[in-house]
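Visitor: 3D model of this:
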Amino acid sequence: MASRNPSRAGPAPEPTRRRLPAAQRRLLILDAALGAFAANGYDGASMDEIAAAAGISKAVVYDHVASKRDLYMQLLDAIRRDVERAVEVALEPLGMDEQQRLHAAADAVYRYVEEQPEASRLLLLELQRANVTPVGRELEQRITDGLARTLVSDPVVFDGHPDRARQVSIFAELLKWAVLGLARWWHSNPDVPRQFLVDSTVALLWPAIEYARTGLVADL
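Guide: Numbers count the residues shown, from 1 in each chain. Okay, here's the model as predicted:
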């Protein structure tokens, strides 16, 4: 017959770990993936590393995503939506003229880069890849389209140009890469204050926008 002496009892069982809600696990996975992809790029990051950083098993990670590629695409899409929303919020106030809107949009982009360094680094790494993903291409196109809509809403921009729509699209593409290029440069020069970068962007781009508004390029 087994002894009932308490001094002979075995160790107390460890408390059962509480299972996290699915939404919270997904956030942990995305946060871990952001750190891994931003530090090592897509090819250098591993699912084992991401699972370990999230504090969950790799099998649980695969409960939420189909593959590393799927996880990367979900993360990029989340970043894209965050950037778009940041710019939308910056442009919500009424009564801003076009120069003020340019200032607000540039400040929103650079503020995101400053406050979300890993996310912005990942996004910029994606956009400079030789083979940009569908999410990256969609983001590029949405930025260009948004800029083009803003430009074309001003009736004097490229007024009289024989192919105004195409000229506006080209100009929007140039503006987009000017800002993204400066954001990438800022990663290597983090000592530059954000406000200086915003003011410099407006000072450089606004004359080009005003030039487009004069109609002087109608014969180009």
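
Visitor: Every contact and neighbour count from this point should use C-alpha atoms.
Guide: Will do.

Visitor: Next, give phi and psi for residue 211.
Guide: phi -60, psi -40 (degrees, to the nearest 10).

Visitor: how much space between it and residue 173?
Guide: 16 Å (C-alpha to C-alpha, to the nearest Å).

Visitor: For residue 49, grab the count of nearby residues.
Guide: Counted by other C-alpha atoms under 10 Å, the residues lying close to residue 49 total 15.

Visitor: Skip the chain neighbours and tell me the closest residue to it.
Guide: residue 36 (7.4 Å; C-alpha to C-alpha, 6 or more residues apart in numbering).

Visitor: which residues touch that neighbour?
Guide: 45-46, 49-50 (C-alpha atoms under 8 Å, 6 or more residues apart in numbering).

Visitor: Apply 10 Å and report the result again.
Guide: 30, 42, 44-47, 49-50, 53, 118, 122 (C-alpha atoms under 10 Å, 6 or more residues apart in numbering).

Visitor: for residue 98, same thing?
Guide: 104, 150-151, 154, 206, 209-210.

Visitor: In the strand or helix carrying residue 83, which residues are buried?
Guide: Here residue 83 sits within helix 68-90, counting by DSSP states H and E. Within helix 68-90, the residues scored as buried using 16 or more other C-alpha atoms under 10 Å are 68, 71-73, 75-77, 79-80, 83-84, 86-87, 90.

Visitor: now do stretch 190-199
Guide: In stretch 190-199, counting by 16+ other C-alpha under 10 Å, buried: 194, 197-198.

Visitor: then that stretch to CSV, C-alphas only?
Guide: C-alpha atoms of stretch 190-199 as CSV (Å, rounded to 0.1, in the frame of the first residue of the first chain):
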residue,chain,number,x,y,z
PRO,A,190,19.9,59.3,-38.5
ASP,A,191,21.4,62.4,-36.9
VAL,A,192,19.5,64.7,-39.3
PRO,A,193,16.4,66.1,-37.5
ARG,A,194,13.1,65.1,-39.1
GLN,A,195,11.9,68.7,-39.4
PHE,A,196,15.1,69.6,-41.4
LEU,A,197,14.3,66.7,-43.8
VAL,A,198,10.7,67.8,-44.1
ASP,A,199,11.6,71.4,-44.8
